[in-house]
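>>> give me a 3D structure for the following:
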Amino acid sequence: MKNKPINVNLTIITIEKRGINMLLSTHSKDKSMYQILIEEIEQTRTLMIQTAVREGMTSPNTLQVSQSLDALLNKLQIFFYQ
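Below is the predicted model:
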C-alpha cells in the first residue's frame, strides 16, 4: 500500500523562526551557535517529513527522527532560557 502524501503547513514554523530571530537580536548568546542549531533543526524537520511520506507517520524510522527533532528543539529552548 502506497502512503498518501502529507500536506505540511510551514506558516507556524516561519512565524516561530521570525520570533526567535527577533529575540536573538537582543540576546547576548553567540549567533553562530544559534545558526548551527537552526540549520540542524531545519534539516532534521525535512528528513522527518520525507521519512513520514515515504514510510508512514508511525514507522520506527519516522519516530526516531521525530525524537531527534524534539531533542534539538529542547536544546534551542535551553539556549534561550539558561
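
>>> which is the succeeding secondary structure element to the helix ranked longest in the chain?
Looking across the chain with DSSP state H, the single longest helix is helix 31-55. Of the helices and strands lying after helix 31-55 in sequence (DSSP states H and E), the nearest is helix 60-81.

>>> count of neighbours near the residue lying closest to residue 48 once chain neighbours are set aside?
Setting aside the residues directly before and after it, residue 48 is nearest to residue 65 in space (C-beta to C-beta, 6 or more residues apart in numbering), at 4.3 Å. Bear in mind the C-beta positions are built from the backbone N, C-alpha and C, glycine included. Using other C-beta atoms under 10 Å, the number of residues around residue 65 comes to 21.

>>> pretty sure residue 65 sits against residue 46.
No. Residue 65 is beyond contact range of residue 46, at 9.8 Å (criterion: C-beta atoms under 8 Å).
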